[in-house]
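**Q** what's the 3D shape of this:
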Amino acid sequence: MINLKSISGGITSVPGITASGISCGIKKEGKKDLALIYSNPPAVAAGVFTTNIVVSPSVTVCRENMKKTEVTRAIVVNSGNANACTGAKGYKNAREITRLVAESSEISPESVLMASTGVIGVPLPMEPIENGLETLVKGLSDMGGCDAAEAIMTTDLVPKEYAVEYEYGGKKITVGGMAKGSGMIQPNMATMLAFIASDISISKEILQKVLREVTDLTFNRITVDGETSTNDTLLCIANGSVGNIKINTEGEELSAFKEALTQVCLNLAQAVVRDGEGATKFIEICVSGMETDVEAEQIARNIANSLLAKTAFFGEDPNWGRILSAAGSSGVTFDPKTAELHFGNVLVMKNGGSVEGVDQAALKEVMKKKDIRVLLNIGQGNGNASLFTTDLSYDYVKINGEYTT
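**A** Numbering: from 1, shown residues only. Here you go, the predicted model:
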């Protein structure tokens, strides 16, 4: 364990990282819609992307550029337009944006990564983007993280930023990031858009390995609506400005970094759930007592994505039968006669049946809370998993029923 200290500043709390965010005209309302993250000195990058077979050219460009070079200098992000399902023109536009960023910054095009978010099937409006890039580059600042975090939002209600610092080997190391996401959140990947930076020196291969491991514990443990986007992207860059000896192997130093990275990613992932489209509840689904963690996660995910369970939480209805039913339809075999279920600290089901004499007043108070913890113990092993989800409200339907109109 290390002593992690939460700090302000998000991604630009990391030494050597600057950012900017502007309104270039993609969004009709005049809201910020174009962001840039820049690293000086050069960084290495790792990424985790959507598992959807339909992907935006921004995902393709990231994958290609990360294979072409060991060096990453910039990440450009637009919101309001996903640039997905836009064919060869969409790919050409994405390539042109990275080229223009590179030209304005005097870096190589391969060192520029890209992400997009917004409406699918609409070509990028290139003229306002091209006109805004020079302003975007000139506006880079170590105070620009908040503007960048705002510029990547779509249906998000609030920007999402978080950073920590810790000491190792006499050096103060920083990990900071930002994320966006509110709907189309079912991470089989990653999920939504998230960008993390650190000043640690680490090999690209090790950074990729640890990011994948951390993703499985954080961004892959959240769901709002069970939908996996065409654009889901998580990027992590490390620029080595802290001056530690480069991490090339497993060990205590990597474990310390992983702990810090996990805290940043978990905070951002939970912030996405809390800002879920139309959400009124933040719900943690904890499943224990299975033979394996994988089985426990499969059950927890099925519960977290159950429309009937989610609507019950919205109505503050302690309908525990929906939880057990979702567990039973998860595809995992277990004996319900050994299971027990808690809503918060209130036991509502034991040995597969209802509990007599439940304190209804206490149960009502649990269901009224903004944060609710559901604990399902199957009682058949040591495997466990937790997922974070939301309720399903009228507003979710309204937001997505009118998304393009």
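**Q** Does residue 33 touch residue 151 like I think?
**A** Yes: with contact defined as CB atoms under 8 Å, residue 33 and residue 151 form a contacting pair (5.9 Å). Where you see a C-beta, it was placed from the backbone N, CA and C, and this is true even at glycine.
**Q** so what sits against both of the two?
**A** 22-23, 79 (CB atoms under 8 Å, 6 or more residues apart in numbering).
**Q** got the end-to-end distance for stretch 313-320?
**A** 10 Å (CA to CA, to the nearest Å).
**Q** Spatially nearest residue to residue 378 (excluding sequence neighbours)?
**A** residue 289 (3.9 Å; CB to CB, 6 or more residues apart in numbering).
**Q** Just the element for that neighbour, please.
**A** In this assignment (DSSP states H and E), residue 289 forms part of strand 282-290.
**Q** I'd like the next helix or strand past that strand.
**A** Downstream of strand 282-290, the next assigned helix or strand under DSSP H and E is helix 293-304.
**Q** tell me what that following helix is packed against?
**A** When contacts are defined as 3 or more CB pairs under 8 Å, 6 or more residues apart in numbering; DSSP states H and E, helix 293-304 packs onto strand 282-290, helix 320-328, strand 371-377, strand 383-390.
**Q** wait, which of the ones you listed is closest to residue 267?
**A** Of all the helices and strands packed on helix 293-304, strand 383-390 sits nearest to residue 267, with 11.5 Å by CB to CB.
**Q** what packs against the closest one?
**A** helix 252-274, strand 282-290, helix 293-304.
**Q** how far does the last one sit from the chain's center?
**A** Pointing back at helix 293-304 there. Put simply, helix 293-304 sits 19 Å off its chain's centre (CA atoms, centre = their mean, to the nearest Å).
**Q** Just want the angle from it to helix 252-274.
**A** 20 degrees (axes from the mean of the first three to the mean of the last three CA atoms, to 10 degrees).
**Q** circling back: most neighbours out of the shared contacts of residue 33 and residue 151, which is it?
**A** residue 79 (25 neighbours; other CB atoms under 10 Å).
**Q** who's it bridged to?
**A** For residue 79, the beta-bridge partners are residue 117 (DSSP bridges).
**Q** Return the residues in contact with it.
**A** 26-27, 32-35, 116-118, 151-154, 180.
**Q** Let me know the distance separating it from residue 325.
**A** Applying CB to CB, to the nearest Å, the value for residue 79 to residue 325 is 38 Å.
**Q** Distance-wise, check residue 72 relative to residue 389.
**A** 33 Å.
**Q** The two: which is more packed in?
**A** Ranked by neighbour count (other CB under 10 Å), residue 72 and residue 389 place residue 389 first, with 31 against 28.
**Q** How about the more buried one, nearest residue that isn't a chain neighbour?
**A** residue 304 (3.8 Å).
**Q** My read is that the one you found contacts residue 273, right?
**A** No: counting by CB under 8 Å, no contact exists between residue 304 and residue 273, whose distance comes to 9.8 Å.
**Q** could you dump stretch 325-336 to CSV, C-alpha only?
**A** This file holds the C-alpha atoms of stretch 325-336, laid out as CSV (Å, rounded to 0.1, in the frame of the first residue of the first chain):
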residue,chain,number,x,y,z
SER,A,325,-34.5,-13.8,-11.1
ALA,A,326,-31.8,-11.8,-12.9
ALA,A,327,-29.2,-13.9,-11.1
GLY,A,328,-30.9,-17.1,-12.2
SER,A,329,-31.0,-16.1,-15.8
SER,A,330,-27.3,-15.1,-16.0
GLY,A,331,-26.2,-18.5,-17.4
VAL,A,332,-24.4,-19.4,-14.2
THR,A,333,-25.5,-22.5,-12.3
PHE,A,334,-26.1,-22.2,-8.5
ASP,A,335,-28.4,-23.4,-5.8
PRO,A,336,-30.8,-20.6,-4.8
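**Q** Give me the contacts around it.
**A** If you take CB under 8 Å, 6+ apart as the criterion, stretch 325-336 is touched by 287, 290, 295, 298-299, 301-303, 306, 308-309, 324, 339, 352, 376, 378, 380.
**Q** I only care about these that end up buried; give me the ChimeraX line for that.
**A** In ChimeraX, a selection of the buried entries from these looks like this (16 or more other CB atoms under 10 Å):
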select :287,290,295,298,299,301,302,303,306,309,324,339,376,378,380
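**Q** quick one on the thing from earlier: and the helices and strands packed on strand 383-390 as TSV, adding distance to residue 55 and mean pLDDT?
**A** Listed next are those as TSV, based on distance: least, CB to CB, whole Å; pLDDT from 0 to 100:
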stretch	distance to residue 55	mean pLDDT
helix 252-274	20	95
strand 282-290	29	97
helix 293-304	22	95
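**Q** As TSV, the ones you listed with distance to residue 384 would be great.
**A** Below are those laid out as TSV (distance: least, CB to CB, whole Å):
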stretch	distance to residue 384
helix 252-274	16
strand 282-290	4
helix 293-304	5
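**Q** How many neighbouring residues does residue 99 have?
**A** 13.
**Q** quick one: secondary structure of it?
**A** Three-state assignment for residue 99 (DSSP: H, G, I helix; E, B strand; the rest coil): helix.
**Q** Please give me every residue in contact with it.
**A** With contact taken as CB under 8 Å, 6+ apart, residue 99 is in contact with 109, 112.
**Q** quick one: it and residue 128, what's the gap?
**A** Per CB to CB, residue 99 is found 17 Å from residue 128.
**Q** again, but for residue 388
**A** 36 Å.
**Q** out of those two, which sits in the busier spot?
**A** residue 388 (22 against 17).
**Q** ok, now how distant is the residue nearest to residue 237 when sequence neighbours are not counted from residue 131?
**A** Spatial nearest neighbour of residue 237, chain neighbours left out: residue 43 (4.0 Å); criterion: CB to CB, 6+ apart. Plainly put, residue 43 is 28 Å away from residue 131 if you go by CB to CB.
**Q** Those two: which is more packed in?
**A** Higher neighbour count among residue 43 and residue 131: residue 43, with 31 against 11, using other CB under 10 Å.
**Q** rewinding a little: find residues that contact each of residue 304 and residue 273.
**A** With CB under 8 Å, 6+ apart, residue 304 and residue 273 have common neighbours 388-389.
**Q** Perfect, I'm done here.
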